[in-house]
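1. Sequence and computational prediction follow.
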Amino acid sequence: MNFKKNVAAILTGITLASMPAMAVSASGMPKNSSNYWNKVRYIKVNKNISAVQRKVKNNSIQPKINKKMTVKKGTVLVVDRLKSSHNEWLLLDGLKNSKNSVWSTNQKNTNWMSKYTPKKIDNTTKLVTLTKKINITEKATKNHQIQNKTLKKSSLKKGSVVYVRSFGGNEWLVFGNNMPKTSKNGAWVTNNKGTNWMKKYTPKPISNKYIDLNQDVSITEKAVKNNVIQNKNIKKDTLKSGTTILVKPLSKNEFLILSSNVPNTSKNGAWIIQGQNNKFSDSQILKSQYNTTPTSDIGSDYTDAYFQSNIGNKDKTIATAGQKVQAKKVDDNNALIKVDGNEYPMPISKDIQLPTRNNVYASQKSNIVFSLYAPNDSNAVTLSSYAPQNGDQWRQMSNDGKLKVFEYLAKDNGWLHVGDINTNNK
């Protein structure tokens, strides 16, 4: 006889069929000689009864009595009538039992019991947060069944997030990443009355974010199947310190890389980055600090203006690109500029560049602008009509040929440094 508990449920094979027409006792239950008792059944005890406990050896109940007890009225049991004796009943579940033992009772009729329909066991897996500290016991498992043997005991702190599955009654299987390590063939079980020791866990929504790498970081390409990341590694690579990447958190220290500024993946692969916060930090969102001007044209009065490139000749540079100067238009053919208190005439023609009141310039691509200044620099001046949209780029030029690229994030109403472009690379 085997009285082991299945991991998924307890005694799921026990069924309560509707009763066919048959001889019944005074309690309304079928008589002890009925074929109804060829299956194990749930019952409720109507009156106090005596029960004895015997050892089970080689699947046989031994004659020697080890213990006696009184089963009180109202106790719910699972019973099985012995085939060899219509008066003897095995009490399979509902009583505390010793190892390799079974309780039984000898009753001449079925007046001592009534029909009982157990509540349906919800053995679906639930993700919960513990509302108080609980004790857990590791039980040995064999062939996916939990055995009576106890391997060790432990506890879980209040606030732990774990998966639970009901065995029925007060017993629960407990598992998840936040559990103590089990033995090779072990499973954690807890015995707690009711469900006030846990509450449904509602995870916080996961948002994609940009991170800046503070050092060279190794990344691993994982296989992807049916949109699920697998454990199989495809290849490894390294991202340089200073790189900014867009990631989706998978766990506290594991991220899926969403950026395009990383090596190409295989057909069914995805880059994963792992590590603590000392390897990277959340990217800083820059708020717009640039100024605006209603027009790029200079007027008849001196006003602040900027050249897109250096102005002068091979012997002398009058003004460098982006340098603030004073400029005014004299007539349709002439203009004046003032640099460091010195005034210089400028003829107006299609071949000569006039200074403009803005120093942020649109490119041929409508979503990209160029400037010598960053978007959070008040020295930058755009046209009043400039209104960046989500994903638009601001490229800051430098004398060494590098472009610092910022991307506008509408949800943050700010700019993110997403990388650099070296224009010197051919």
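-> Perfect, thanks for sending it. For clarity, every value in this text was computed on a predicted model and none was experimentally measured.
2. If the spatially closest residue to residue 51 that is not a sequence neighbour is in a bridge, with which residues?
-> Nearest residue to residue 51, sequence neighbours excluded (C-beta to C-beta, 6 or more residues apart in numbering): residue 105, at 4.5 Å. Glycine gets a C-beta too; all of them are placed from N, C-alpha and C. In this entry, residue 105 is beta-bridged to residue 89, by DSSP bridges.
3. Name the nearest residue to residue 156, ignoring sequence neighbours.
-> Counting by C-beta to C-beta, 6+ apart, residue 156 lies nearest to residue 134, which is 5.4 Å off, once chain neighbours are set aside.
4. meant to ask about residue 173, not that
-> The nearest residue in space to residue 173 (C-beta to C-beta, 6+ apart) is residue 165, at 4.5 Å.
5. what does residue 328 give?
-> Counting by C-beta to C-beta, 6+ apart, the nearest residue to residue 328 once its immediate chain neighbours are dropped is residue 302, at 4.7 Å.
6. Next, count neighbours for that neighbour.
-> Using other C-beta atoms under 10 Å, residue 302 has 15 neighbouring residues.
7. now it: how far from residue 347?
-> 18 Å (C-beta to C-beta, to the nearest Å).
8. Over to residue 320?
-> For residue 320, the distance to residue 347 - C-beta to C-beta - is 21 Å.
9. which of the two has more neighbours?
-> residue 320 (15 against 9).
10. my guess is the residue nearest to residue 51 contacts residue 49, does it?
-> Yes. Taking C-beta atoms under 8 Å as the definition, residue 105 is a contact partner of residue 49 at 5.4 Å.
11. so what sits against both of these two?
-> Taking C-beta atoms under 8 Å, 6 or more residues apart in numbering as the contact rule, residue 105 and residue 49 both touch residue 71.
12. For the stretch 51-200 of the chain, which segments are assigned as helices?
-> Secondary structure of the stretch 51-200 of the chain, counting by DSSP state H, counting those that start in this stretch: no helices present.
13. and residue 237, what is it in contact with?
-> The contact partners of residue 237, by C-beta under 8 Å, 6+ apart, come to 218-219, 221, 262-263, 271.
14. Buried among those residues? Make that a ChimeraX selection.
-> Buried residues among the contacts of residue 237 (16 or more other C-beta atoms under 10 Å), as a ChimeraX selection:
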select :219,221,262,271
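15. could I get the contacts of residue 237 as CSV with secondary structure?
-> Output for those, formatted as CSV (DSSP: H, G, I helix; E, B strand; the rest coil):
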residue, secondary structure
218, strand
219, strand
221, strand
262, coil
263, coil
271, strand
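16. which stretches of the stretch 151-300 of the chain have low pLDDT?
-> The stretch 151-300 of the chain contains residues with pLDDT under 70 at 276-278.
17. For the nearest residue to residue 307 once chain neighbours are set aside, give its distance to residue 98.
-> Among residues not flanking residue 307 along the chain, residue 355 sits closest, at 5.1 Å (C-beta to C-beta, 6+ apart). Look at residue 355 and residue 98: by C-beta to C-beta, they are 98 Å apart.
18. who has more neighbours, the two?
-> Using other C-beta under 10 Å, the more surrounded residue of residue 355 and residue 98 is residue 355, with 24 against 12.
19. Any figure for the gap between that one and residue 326?
-> Separation of residue 355 from residue 326 (C-beta to C-beta): 9 Å.
20. all strands of the stretch 1-150 of the chain, in order?
-> 5-6, 41-45, 49-57, 60-71, 76-81, 88-93, 101-106, 113-115, 126-130, 134-142, 145-156 (DSSP state E, counting those that start in this stretch).
21. For residue 208, which of these is the nearest?
-> Checking the strands of the stretch 1-150 of the chain against residue 208 by C-beta to C-beta gives strand 126-130 as the closest, at 22.6 Å.
22. Reformat the strands of the stretch 1-150 of the chain as JSON lines; add mean neighbour count and distance to residue 311.
-> Listed next are the strands of the stretch 1-150 of the chain as JSON lines, based on neighbours: other C-beta atoms under 10 Å; distance: least, C-beta to C-beta, whole Å:
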{"stretch": "strand 5-6", "mean neighbour count": "17", "distance to residue 311": "86"}
{"stretch": "strand 41-45", "mean neighbour count": "20", "distance to residue 311": "97"}
{"stretch": "strand 49-57", "mean neighbour count": "16", "distance to residue 311": "103"}
{"stretch": "strand 60-71", "mean neighbour count": "12", "distance to residue 311": "105"}
{"stretch": "strand 76-81", "mean neighbour count": "20", "distance to residue 311": "97"}
{"stretch": "strand 88-93", "mean neighbour count": "21", "distance to residue 311": "95"}
{"stretch": "strand 101-106", "mean neighbour count": "19", "distance to residue 311": "102"}
{"stretch": "strand 113-115", "mean neighbour count": "17", "distance to residue 311": "102"}
{"stretch": "strand 126-130", "mean neighbour count": "17", "distance to residue 311": "67"}
{"stretch": "strand 134-142", "mean neighbour count": "18", "distance to residue 311": "77"}
{"stretch": "strand 145-156", "mean neighbour count": "15", "distance to residue 311": "73"}
